[in-house]
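A.B. asks: I'd like to go over a predicted model; first the sequence, then the structure.
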Amino acid sequence: MQDGDYGTFVEILTVTSMNLKIHTLLIIVATGFFAASCGSKNTESGSESGVLTGEVKIDGSSTVYPITEAIAEEFRVDQPKVKVTVGVSGTGGGFNKFSRGETDINDASRPIKEQEAAICTENNVKFLELTIAYDGLAVLVNKQNTWVDHFTVEELKKIWEPSAQGTITKWSQIREGWPDEPFNLYGPGVASGTYDYFTEVIVGKSGSSRGDYTASEDDNVLVQGISGDVNSIGFFGLAYYEENIDKLKLVGVDSGTGAIEPTAQTVKDGTYAPLSRPVFIYVNDVAAKRPEVIAFVNFYLNNAPTLVPDVGYIPLPQAEYQKGLDAFKSFVAPVNQ
Amino acid sequence: MSSLKRNRRIDKAFKYVGIGCTMFGLLMLVIFIGNILIDGLQRIDWDFLTNLPSRKAEKSGILTAWTGTAWILALTAMIAIPLGVAAGIYLEEYGKKNRLAAMVEVNIANLAGVPSIIYGLLGLEVFGRLMNLGASLLAGAFTLAILILPILIVATREALKAVPNTLREASYAMGATKWQTIWHQILPAAGGGILTGIILSLSRAMGETAPLIVIGALAYVPFVPKSPMDEFTVLPMQIFNWVSRPQHEFLVNGAAAIIILLLITFIMNGIAVYLRNKWQKKITW
């Protein structure tokens, strides 16, 4: 097919189609056909527009779920025929399925672990990691707590490390001058990526902490626990704090440069260290050959800046999303050659 | 004389303790249901039943959740009822009462007490992976069918046991075969009990979440399932998902969905009671 033929084709379309929307759509489809039939390198084909069908299977972290759900919901407006389904097996449970090639995309609130990546290699599953948002971990105490102004990272480590179990039980042991009363700890369950992350940056080893704390997979239970117990200390995702500002007292964390409270700004620019973390999606390379998956991932990165804050998370700087789009483009590109 | 008085006092005391125990259970139920109704009732409208899940709580609905639950119930019933009732009939009417039978009986009773998440793991491995059904409705229905089979078998056997032996003997005396006796005499007589068992076990299947999460039932499904091979979500999954969200509006949605789930359960149990009463009136011997 020559360029001239293509031009005529578009002209005919312009004449016959009355509806402007259908018209643009057809042109894009035609461009797609044209590009495909000429065997040209065109990574845009099939993405963003054109009527797509098929399925996009997503599973993984319940922390990332609200973001993916929001994206999937808006994507449906664009591509009503693509069936996007999202599960909440947890980051680890999701990778279990992802590494067998059972899902197209995995939501993850922590980077993939070595042994999980090893299983992927074993099953010949190649993947691309895309950072899609930031989440801050908030450290909280009861509203009536008057003595805590901030924690240092060392103090948090002292409270949470495994050897603290049974020995560090009173406020006065954390910092001199605090009451001689026992404190109670609240945190996410050991299966969550949030727990993994907190223990990694505070205790120094992922998944290692004292065991005598109240654990719940449901962060609303933690909110209730902390708000009903004067001597409580707890941590969980920032989004849950923002919905319960009136019930809890947020505590700043000092990692050597003064106490900093988590806000959209301090999480985004990384000054709220070390408790701000990125969250990810992982894309399977075989799935990334399908136009509906390509369109979905592009839609994800293009719309994250508006939809991520909508569900209570903190978006990356615009340039980072552009980097993600470029990385995805080159991840997909070899396929279209 | 004094011992008689004492005995009467004990009798009276037990009566009041018994009333207290009964009221405790009822009170808890009333508090729970009242709480849910206050939270969720104003949220229920037509849109709530016909909308897809959404990130905006007030736009979110349970269409895919309740249709998924309906699909799962229908498929589970189709798989579990013939298997469970037939197994119950065999064990009660045909099976010999030897040590093997005793062992089977103990094991079925044990299976009824196995935590449901274990059935989920079984379902994931056997139906999801070996039979390659994935996270489809069919895989979920098979898993739940296995889960409720022990209850169904036990209920069927109890219903059959309650049929007086004289009925069997009279039938045999008329020259009927075993199958004719079962089909024309025993099953109609035991029907009410069997039906109650079926509906109670299906009600249990309807409330299960853990095994379905394990086989990979989803949280966000924006389409109504059209075939048994489609992926799905169910009401308890949707509720679980909503109550773990930070925004209060989602908790209200959860309460509203709980009301719908309770409503379906009450209706099913009501049908069971109605059918059983109707059935029992018909039978005279």
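C.D. replies: Cool, got the structure.
A.B. asks: Up against chain B, what does chain A have?
C.D. replies: Applying C-beta under 8 Å from any C-beta of the partner chain, we find that chain A lies next to chain B at A:57, A:59, A:62, A:65-66, A:68-70, A:72-73, A:76, A:83-89, A:97, A:102, A:217-220, A:237, A:239-240, A:242-244, A:307, A:310-312. All C-beta spots, glycine's among them, are computed from the backbone N, C-alpha and C.
A.B. asks: Quick check: residues of the stretch 151-285 of chain B near chain A?
C.D. replies: Within the stretch 151-285 of chain B, the positions adjacent to chain A are B:213, B:216-223, B:231, B:241, B:243-248, B:251 by C-beta under 8 Å from any C-beta.
A.B. asks: again, only using 10 Å
C.D. replies: Selection of the stretch 151-285 of chain B residues close to chain A by C-beta under 10 Å from any C-beta of the partner chain yields B:213-214, B:216-223, B:230-233, B:237, B:240-241, B:243-251.
A.B. asks: since we're on the closest residue to A:S89 other than its chain neighbours, how many residues are nearby?
C.D. replies: Once flanking residues are discounted, A:S89 sits nearest to A:D59: 5.1 Å by C-beta to C-beta, 6 or more residues apart in numbering or on different chains. Neighbourhood size, A:D59 [other C-beta atoms under 10 Å in any protein chain shown]: 29.
A.B. asks: so A:D59 touches A:K97, yeah?
C.D. replies: Yes: counting by C-beta atoms under 10 Å, A:K97 is a contact partner of A:D59 at 5.5 Å.
A.B. asks: what touches both of those two?
C.D. replies: Between them, A:D59 and A:K97 share these contacting residues under C-beta atoms under 10 Å, 6 or more residues apart in numbering or on different chains: A:G87, A:S89, A:T103, A:N106, B:A135, B:G216.
A.B. asks: quick one, helices of chain A?
C.D. replies: All helices of chain A, identified by DSSP state H, fall at A:3-16, A:20-38, A:65-78, A:90-98, A:114-122, A:153-160, A:171-174, A:193-198, A:219-227, A:238-242, A:264-268, A:291-310, A:318-332.
A.B. asks: Could you save these as a markdown table and add columns showing mean neighbour count?
C.D. replies: Formatted as a markdown table, these follow (neighbours: other C-beta atoms under 10 Å in any protein chain shown):
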| stretch | mean neighbour count |
| --- | --- |
| helix A:3-16 | 11 |
| helix A:20-38 | 15 |
| helix A:65-78 | 21 |
| helix A:90-98 | 24 |
| helix A:114-122 | 14 |
| helix A:153-160 | 19 |
| helix A:171-174 | 18 |
| helix A:193-198 | 24 |
| helix A:219-227 | 21 |
| helix A:238-242 | 21 |
| helix A:264-268 | 17 |
| helix A:291-310 | 21 |
| helix A:318-332 | 16 |
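A.B. asks: Of those helices, which is nearest B:A176?
C.D. replies: With respect to B:A176, and counting by C-beta to C-beta, the nearest of those is helix A:90-98 at 55.0 Å.
A.B. asks: quick one: the closest one to helix A:65-78, angle?
C.D. replies: Here helix A:90-98 points in a direction 50 degrees away from that of helix A:65-78 (axes from the mean of the first three to the mean of the last three C-alpha atoms, to 10 degrees).
A.B. asks: Just the CA atoms of helix A:90-98, as PDB, please.
C.D. replies: Written as PDB, here are the backbone C-alpha positions of helix A:90-98 (Å, rounded to 0.1, in the frame of the first residue of the first chain):
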ATOM      1  CA  GLY A  90      -2.000  -9.500  48.300                       C
ATOM      2  CA  THR A  91       1.400  -8.600  46.800                       C
ATOM      3  CA  GLY A  92       2.900 -12.100  47.500                       C
ATOM      4  CA  GLY A  93      -0.300 -14.000  46.600                       C
ATOM      5  CA  GLY A  94      -0.400 -12.000  43.400                       C
ATOM      6  CA  PHE A  95       3.200 -12.700  42.400                       C
ATOM      7  CA  ASN A  96       2.500 -16.400  43.000                       C
ATOM      8  CA  LYS A  97      -0.100 -16.200  40.200                       C
ATOM      9  CA  PHE A  98       1.900 -13.700  38.100                       C
END
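A.B. asks: could you measure the nearest residue to B:I79 once chain neighbours are set aside against B:L130, distance?
C.D. replies: Closest residue to B:I79 apart from its sequence neighbours, by C-beta to C-beta, 6+ apart: B:A145 at 4.0 Å. Distance of B:A145 to B:L130, given as C-beta to C-beta, to the nearest Å: 16 Å.
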